[in-house]
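*Asks:* Below are the sequence and a predicted model; questions follow.
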Amino acid sequence: MENTELKIGLIGCGHLGKIHCKLISALAADNSSLAFAGVYDTNKASAEEIAALYGVQSFASIEELLSSVNTLVIVTPTITHFEIACAAIKKGINVFIEKPVTSSLEQAEQLIELARKHPVKIQVGHVERFNPALTALEKFEMKPMFIESHRLSQFNPRGTDVSVIQDLMIHDIDIILHLAGSPVEKIDANGVAVISDEIDIANARLKLKNGCVANLTASRISLKKMRKMRIFQNNAYISVDFLNNKSEIFRLTAKDSPDDGMSFPISDEKKIVYSEAKADSPESANPIKSELASFFTSIQNNTPVKVTLESGKEAVEVADKIIEIIRETQKQVTSN
């Protein structure tokens, strides 16, 4: 499909959908092989407003949009992802699906089966994979043995249709599975619904089959925002600040090894080398734009997408197990 024009449609013109629309329009303006065809939303006024802003069509139905595009971006409530994605895949349309990929593990597995029958590109919107704080670590050998993550957000009624695990923690679940490269063996978790009807704050401890242990905390009732991860492995400690798009790396090396950053000796034979990794430019500091550009490039060059359906499914599977454990614990507490 190299150099083939992509006719891009978007479904879901809410808060996040509007951000995607702005970035798709910008990418299309810089690349003649990308065409932003139009949008659809159940809120007709919202769709028409976006369509007028970017000079694209507001489609009357999902079916009408799918008949006019070969690439689809889904930015709708999670509960609708499966049905929309299935309809697009069956029509041979490439699909970008915001995270979580589906509202259940069963749906994710069905999508994977369907995708095997249709030669389309499908990418899941785990946007932190494209954060410069994380991509800067690709040049380092990553073999984490302990990971600690904190993802805290101020309360916002938007997004409370799902738990904080599906809303926020799933980002860190995906990153941990990606970095460790090992399935989860055991989960301990606890959480509580504080303001909404769903779990608003949660902590989970994951033990992976390769021995790595991860401790995750997610809250959407915090007074301040935080998106940090600390990674410990043999001879290295890495602090990742997703909010500020930068990482700090502390590596233990031989005293006579070349420096690529500030260093200080700790013995006659060893030294610690400190380096900071961050975005090279404001452009690269926009992870949503980077993930969309990567998806479009994968389609046109027929190369693998960076975040696969399988990765999306694995994150949903772990998230579902965490929720199940927390709810079971809550039942026991209530019954006592």
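*Replies:* Sure thing, it's come through.
*Asks:* Report the separation between the spatially most central residue of the chain and Glu98.
*Replies:* Among the residues of the chain, the one closest to the centroid is His126, at 1.3 Å (C-alpha atoms, centre = their mean). Using C-beta to C-beta, to the nearest Å, one obtains 9 Å as the distance from His126 to Glu98. (C-beta placed from N, C-alpha, C; glycine too.)
*Asks:* again, but for Pro77
*Replies:* Noted for Pro77: a distance of 10 Å to Glu98, by C-beta to C-beta.
*Asks:* same question, Leu152
*Replies:* 21 Å.
*Asks:* the more surrounded of Pro77 and Glu98?
*Replies:* Glu98 (21 against 14; other C-beta atoms under 10 Å).
*Asks:* ok, that one touching Thr80?
*Replies:* No. If you go by C-beta atoms under 8 Å, Glu98 and Thr80 don't touch, sitting 10.6 Å apart.
*Asks:* Please, where are all the helices along this structure?
*Replies:* 15-30, 44-54, 62-66, 78-90, 105-117, 132-135, 164, 170-180, 287-301, 309-335 (DSSP state H).
*Asks:* Not counting residues beside it along the chain, what's closest to Glu98?
*Replies:* Gly125 (4.2 Å; C-beta to C-beta, 6 or more residues apart in numbering).
*Asks:* Can you get me a residue count around that neighbour?
*Replies:* Gly125: 24 neighbours (other C-beta under 10 Å).
*Asks:* cool, and Ser33?
*Replies:* 12.
*Asks:* What sits closest to it if chain neighbours are left out?
*Replies:* Nearest to Ser33 is Glu5, by C-beta to C-beta, 6+ apart, at 5.2 Å.
*Asks:* these two touch, right, that neighbour and Ala35?
*Replies:* Yes. The pair Glu5 / Ala35 is scored as a contact, 5.9 Å apart, by C-beta under 8 Å.
*Asks:* okay, the two: which has more neighbours?
*Replies:* Ala35 (17 against 14).
*Asks:* ok, the closest residue to the more buried one other than its chain neighbours - contacts?
*Replies:* Distance criterion C-beta to C-beta, 6+ apart; nearest residue to Ala35, sequence neighbours excluded, is Lys7 at 5.2 Å. When contacts are counted by C-beta atoms under 8 Å, 6 or more residues apart in numbering, Lys7 touches Ala35, Ala37, Ser68, Val69, Asn70, Thr71.
*Asks:* repeat for Ile176
*Replies:* With C-beta under 8 Å, 6+ apart, Ile176 has these contacts: Pro144, Ile147, Ser149, Leu206, Leu208, Cys212, Ala214, Leu216.
*Asks:* Repeat the analysis, applying 10 Å as the threshold.
*Replies:* Neighbouring residues of Ile176 by C-beta atoms under 10 Å, 6 or more residues apart in numbering: 144, 147, 149, 182, 184, 206, 208, 212, 214-216, 229, 231, 315, 318.
*Asks:* buried subset of those residues?
*Replies:* Applying 16 or more other C-beta atoms under 10 Å to those, the neighbour count classes 144, 147, 149, 184, 206, 208, 212, 214-216, 229, 231, 315, 318 as buried.
*Asks:* can I get these in CSV with pLDDT and distance to Leu223?
*Replies:* Formatted as CSV, the buried ones among the contacts of Ile176 follow (pLDDT from 0 to 100; distance: C-beta to C-beta, whole Å):
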residue, pLDDT, distance to Leu223
Pro144, 97, 29
Ile147, 98, 25
Ser149, 98, 19
Val184, 98, 31
Leu206, 98, 27
Leu208, 98, 32
Cys212, 98, 31
Ala214, 98, 25
Asn215, 98, 22
Leu216, 98, 20
Met229, 98, 20
Ile231, 98, 26
Ala315, 98, 28
Val318, 98, 28
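*Asks:* As JSON lines, those residues with distance to Ala285 would be great.
*Replies:* Converted to JSON lines, the buried ones among the contacts of Ile176 look like this (distance: C-beta to C-beta, whole Å):
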{"residue": "Pro144", "distance to Ala285": "24"}
{"residue": "Ile147", "distance to Ala285": "23"}
{"residue": "Ser149", "distance to Ala285": "21"}
{"residue": "Val184", "distance to Ala285": "31"}
{"residue": "Leu206", "distance to Ala285": "29"}
{"residue": "Leu208", "distance to Ala285": "30"}
{"residue": "Cys212", "distance to Ala285": "29"}
{"residue": "Ala214", "distance to Ala285": "26"}
{"residue": "Asn215", "distance to Ala285": "28"}
{"residue": "Leu216", "distance to Ala285": "25"}
{"residue": "Met229", "distance to Ala285": "18"}
{"residue": "Ile231", "distance to Ala285": "21"}
{"residue": "Ala315", "distance to Ala285": "24"}
{"residue": "Val318", "distance to Ala285": "28"}
